[in-house]
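# Could you work out the structure for the sequence below:
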Amino acid sequence: MQTPGIRLDEIVIVPYDPRWPELFEAQRVRVAAVLAPVLVGAVEHIGSTAVPGLPAKPIIDMLARVSGHEEAGPVAARLVEVGWVAAPEPSDGALRRWSYCYPDVARRSHHLHVVEHASDGWPTWLAFRDRLRADPAAAARYAALKTELAARDRHDRVAYRAAKAPFIEAVLDS
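Numbering: from 1, shown residues only. Model (predicted):
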């Protein structure tokens, strides 16, 4: 029996899949329809799968900005009606955000971050995506780093994320 909330997928980097934008779009429509009453701006495709040509974990990362945490809570909870599963991360409460996975947490194809529009973290996610889209050399360096880290930290998401952070900061500072 599967334990709810446990991620069973290993960190594996695969070649870019040209279907990733279509897979994003299929879920973007569903997410936007549910969150429409509190959605601020477009639901965004973020992360490595949003950068054409970039190898990535085959998980479509998505960002939905909402007007506020309190009023968005009951609306965000309705994502389960369209197949999304709540997948809280340790820092979600403190950062006033929610995490959801599709179709399930253990073997997800999509990961949705629902954040307050006023929060300060999400702009860097878009900025990093956009820098990699505009700079193929930086994207290639990032691909090499992620491949190396995935081979080393295949089961340790905390270590994998922490090891990527200096590169991400350097790209954002450039």
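
# tell me the centre residue of the chain?
D61 (2.9 Å; Cα atoms, centre = their mean).

# May I have the phi/psi pair for that residue?
phi -90, psi 140 (degrees, to the nearest 10).

# Against A170, how distant is it?
Plainly put, D61 is 20 Å away from A170 if you go by Cβ to Cβ, to the nearest Å. Any C-beta I mention is one placed from the backbone N, CA and C, and that applies to glycine too.

# Show me where the protein has its helices.
Remark: helices assigned in the chain by DSSP state H are 20-35, 69-76, 92-95, 122-134, 136-152, 157-173.

# hey, least reliable of the ones you listed by pLDDT?
In terms of average pLDDT, helix 92-95 trails the rest of the helices of the chain, at a mean of 83.

# List of residues touching that one?
Here helix 92-95 makes contact (Cβ atoms under 8 Å, 6 or more residues apart in numbering) with 98-99, 115, 119, 121.

# now stretch 163-174
In contact with stretch 163-174 (Cβ under 8 Å, 6+ apart) are residues 124, 127-128, 131-132, 135, 138, 141-142, 145-146, 149, 153.

# same thing but at 7 Å, please
The contact list for stretch 163-174, computed with Cβ atoms under 7 Å, 6 or more residues apart in numbering, reads 124, 127-128, 131, 138, 142, 145-146, 149, 153.
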